[in-house]
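Trainee: What shape does this take:
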Amino acid sequence: MIRIKINNIEFFVKKNISILEACRYVGIFIPRFCYHEKLSIAGNCRMCLVDNGIKLVSSCTAVVEDNPQIFTDTPMVKKARENVIESLLLNHPLDCPICDQGGECDLQDQTKLFGGDYSRFFHSKRGVEDKECGPLIKTIMTRCIHCTRCVRYGTEVAGVDYFGTLNRGGSTEIGNYIPKLFDSEISGNVIDLCPVGALTSKPYAFKARPWELRITESIDLSDSLGSNVYFNLKETHLIRVLPKNNININENWISDKARFSFDALETNRLKQPTWKKLTKLFGVEWSELLESINNELHTSNTLFIFDSDLDLTSLNLLKKLQRQYPNKVNIKIINQNTNFNNFDTNIEDHKLNEINKNINTCFIISSNVRLESAILNSRLRSKYSNETFNLITTGLKSKNNIPSRIINLRLKNILNLFEGKSIEFSELMIKYKNPLIIVGESFKQRFNNLDILKTLIKKYIPSSLFIYLENSSNSKGVSLVGNILPLNSRDINNANNVFCINLQDNYKTRQLLKKLNKKTNSKIYWINSHLSDLVNKIKECWAIPALSFYEDENLFINLEGKIQKTLKAINGPTGGRSIRKFISLLLQNDNNVSPFSYLSEILKNSSYKKVKSSTYYINNKKDKLKSLYSVYPIKSTIEDFYRTNNFLKNSPTMWNCSNKVRKNSTNFN
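Mentor: Predicted structure coming up:
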């Protein structure tokens, strides 16, 4: 700590920080436009000028020294800020009433605080052509003040050199050299970064003003990270999604899926229970439906099929329902392997925080991090931009935006590498201290027991840090509940009633419903927030409307084992019910459906299923770890970033993004 004087008041601040950061640390506001704590220093707006006793200096670029004299409110500083504001307004259009940034515009606020009441400029304002950035970002470049935040964000965080500075002097403008799509999974964050209305949200255009909106906190369930978000609501409609700053998880950013996919709430929704037979649809009352299901539970074999997006409380209620009807009810998961990783109960151990501290090397095993977790990839990209960072990928070749060394190997060869049988690669792993190991879901689909992989690596590198990267939002929760086996053909043959809970429209689900459709005596119940084309292909089916995570409170566990809760933002369809409440209605004498009802029970009774195969094993006999592995090539689990689950597939905005990306892609990448 060093001593510093600001406005004749002494403070103690950290060494090697800028004057602006020192003022923030002690609670003194310094206006700025180009500075952002997650981006590099540009120092080109000159709004943060302060007096160091000798001259005016930009506080974002000047480093504090021992015993300096700093003044932030002298007449010279105030006049300099007024001149900066006046120069920024020379070519800025006076269209605040129609600007989507109105009410939350930095230029508007700082003009009111630090600007003058007149302008000395009487000539025509300059005009700039708008740029086309795709279906998400609306541009009005005449409003741009050349802070270059979007340029630095694209280069340093997104890894896409999309924006750049064109021309010089009075003709300077921000734009793209070649008109093209802003091809980034986190492109929407430039909307939050822009201090004026030059870059705004295209789906949000002309829909609301900030003072008309209510705010609700929640989390994003489009991937396994669980980014913290704010929901903005106008009356009863969800209008906008913004990132909530959480240094432990997503920092200041969210993915485009989290920001723009909420329009799926209005598309293809199931609104009331429906019975479909052949091509005819019949409405069903909830009381009749529940009475019929309760009768079936006592008399017929019932199978509940779900995927790893199901919330934690509903999982435990299904286990309780199975215990209540031990010979009649069976529960299976459709997209999980037979092995469940040991769940890390130390939820305060924030693994993602270690990326910013001690990690200087990352090994990615069979994962396309850019598609599977765009925010985690942005944190790795920022690490690479700010300091020396080594990235080594193996098992799956992917198009990444971080320079890396790629070793494309089969699964058997990967296991040999971690056993120390490869001299070059094994020595390379031991060379680096505290490496981060990211294991993708594609590896998990080919290898049943990930504990073996962890044991192998910990044997040679005890200080390594592991992150198992799942595609689903609650795979860790499934592991915590435990003793849930994957679906097989024998389960389908023995079942008379099949409940498909929150399943995705993919190949596995299509094959499952194809088998069920051939059975003459089976009843199929489709429980989902959205209708699917699969239901139309079934001869007889009951479609039951469920609430989405925007409309209900539920518990989920993210990839680092942190338990988080979604909050209810809006009301769902009148005939919809939460999955948690629907399952609880099937239970006898169980009226407690709170999300936290069974949390302590889950944590207390969690168990893990181990594989009994011995195809692969560690040479050390003391370990006794055995597992199956597949000889099929490792394949990416995500083909389309914008359409990874059933909810996203019903979003018109996500469909437009996917369509644009496919049009610009080729088969030769």
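Trainee: Please make it C-alpha for all contacts and neighbour counts, starting now.
Mentor: Fine.
Trainee: just the strands in the stretch 301-450 of the chain please.
Mentor: Using DSSP state E, counting those that start in this stretch, the strands of the stretch 301-450 of the chain run over 302-306, 329-333, 361-365, 390-394, 405-407, 436-440.
Trainee: Adding mean pLDDT and mean neighbour count, write the ones you listed out as a markdown table.
Mentor: As requested, these are exported to a markdown table (pLDDT from 0 to 100; neighbours: other C-alpha atoms under 10 Å):
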| stretch | mean pLDDT | mean neighbour count |
| --- | --- | --- |
| strand 302-306 | 90 | 22 |
| strand 329-333 | 87 | 21 |
| strand 361-365 | 85 | 22 |
| strand 390-394 | 84 | 19 |
| strand 405-407 | 77 | 14 |
| strand 436-440 | 86 | 22 |
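Trainee: possible to save those as JSON lines with distance to I145?
Mentor: Listed next are the strands of the stretch 301-450 of the chain as JSON lines, based on distance: least, C-alpha to C-alpha, whole Å:
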{"stretch": "strand 302-306", "distance to I145": "51"}
{"stretch": "strand 329-333", "distance to I145": "53"}
{"stretch": "strand 361-365", "distance to I145": "38"}
{"stretch": "strand 390-394", "distance to I145": "36"}
{"stretch": "strand 405-407", "distance to I145": "39"}
{"stretch": "strand 436-440", "distance to I145": "40"}
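Trainee: quick one: which of the ones you listed is nearest T509?
Mentor: Evaluated over the strands of the stretch 301-450 of the chain, closeness to T509 peaks at strand 302-306, with 10.1 Å, by C-alpha to C-alpha.
Trainee: okay, the angle between the closest one and strand 329-333?
Mentor: Relative orientation of strand 302-306 versus strand 329-333 (axes from the mean of the first three to the mean of the last three C-alpha atoms, to 10 degrees): 20 degrees.
Trainee: For the protein, give me the ranges with low pLDDT.
Mentor: Within the chain, the stretches with pLDDT under 70 are 278, 336-351, 356, 418-430, 448-449, 520, 588-632, 666-669.
Trainee: Could you chop it up by domain?
Mentor: Here the domain parsing of the chain from automatic domain parsing is 2-88, 117-202, 210-267+643-669, 274-335+477-559+568-605, 351-471+613-638.
Trainee: For I98, which of those is the nearest?
Mentor: domain 117-202 (10.0 Å).
Trainee: any idea how far that closest one is from the chain center?
Mentor: Counting by C-alpha atoms, centre = their mean, to the nearest Å, domain 117-202 is centred 25 Å from the centre of its parent chain.
Trainee: Begin at 498 from now on, thanks
Mentor: From this message on, residue numbering opens at 498, which makes the last subject domain 614-699.
Trainee: how about the strands in the stretch 648-797 of the chain?
Mentor: Going by DSSP E, counting those that start in this stretch, the stretch 648-797 of the chain shows strands at 661-663, 670-672, 696-698, 711-716, 725-731, 734-740, 771-774, 777-780.
Trainee: Packed most tightly, which of those would that be?
Mentor: Highest mean neighbour count among the strands of the stretch 648-797 of the chain (mean count of other C-alpha atoms under 10 Å): strand 696-698, with a mean of 24.
Trainee: State the distance from V560 to V510.
Mentor: For V560, the distance to V510 equals 12 Å [C-alpha to C-alpha, to the nearest Å].
Trainee: Same drill for the two, tell me which one is more crowded.
Mentor: V510 (19 against 15; other C-alpha atoms under 10 Å).
Trainee: what's near enough to touch the more buried one?
Mentor: Shown in contact with V510 (C-alpha atoms under 8 Å, 6 or more residues apart in numbering): 498-501, 519, 522.
Trainee: Number of residues surrounding I1076?
Mentor: Residues lying near I1076 (other C-alpha under 10 Å) number 27.
Trainee: any chance you could read off phi and psi for it?
Mentor: Backbone torsions of I1076, given as degrees, to the nearest 10, read phi -60, psi -40.
Trainee: Please state the backbone phi and psi of the closest residue to it other than its chain neighbours?
Mentor: Closest residue to I1076 apart from its sequence neighbours, by C-alpha to C-alpha, 6 or more residues apart in numbering: A1043 at 6.0 Å. As for A1043, its main-chain torsions (degrees, to the nearest 10) stand at phi -120, psi 160.
Trainee: The one 5 residues further on too?
Mentor: When quoted as degrees, to the nearest 10, the phi and psi of E1048 stand at phi -110, psi 10.
Trainee: what about it, neighbour count?
Mentor: 20.
Trainee: Just confirm it contacts K1065, I think it does.
Mentor: Yes. Judged on C-alpha atoms under 8 Å, E1048 makes contact with K1065 at a distance of 4.8 Å.
Trainee: between the contacts of V510, which is nearest S555?
Mentor: Proximity of the contacts of V510 to S555 (C-alpha to C-alpha) peaks at A519, which lies at 13.0 Å.
Trainee: about what we covered before: for my notes, please list the strands of the stretch 648-797 of the chain in TSV and give distance to E583 for each entry.
Mentor: TSV is the format used below for the strands of the stretch 648-797 of the chain (distance: least, C-alpha to C-alpha, whole Å):
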stretch	distance to E583
strand 661-663	22
strand 670-672	18
strand 696-698	22
strand 711-716	34
strand 725-731	33
strand 734-740	31
strand 771-774	63
strand 777-780	65
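Trainee: Any idea which of these gets closest to I634?
Mentor: Evaluated over these, closeness to I634 peaks at strand 696-698, with 5.1 Å, by C-alpha to C-alpha.
Trainee: circling back: of the contacts of V510, which belong to helices?
Mentor: Counting by DSSP state H, these place 519, 522 in helices.
Trainee: Quick one: buried ones out of the contacts of V510?
Mentor: For the contacts of V510, a burial check counting by 16 or more other C-alpha atoms under 10 Å picks out 501, 519.
Trainee: So which of the strands of the stretch 648-797 of the chain is nearest P594?
Mentor: With C-alpha to C-alpha as the measure, strand 696-698 is the member of the strands of the stretch 648-797 of the chain nearest P594 (14.8 Å).
Trainee: helices and strands around the closest one, which ones?
Mentor: On a contact count with 3 or more C-alpha pairs under 8 Å, 6 or more residues apart in numbering; DSSP states H and E, strand 696-698 meets strand 634-636, helix 686-690.
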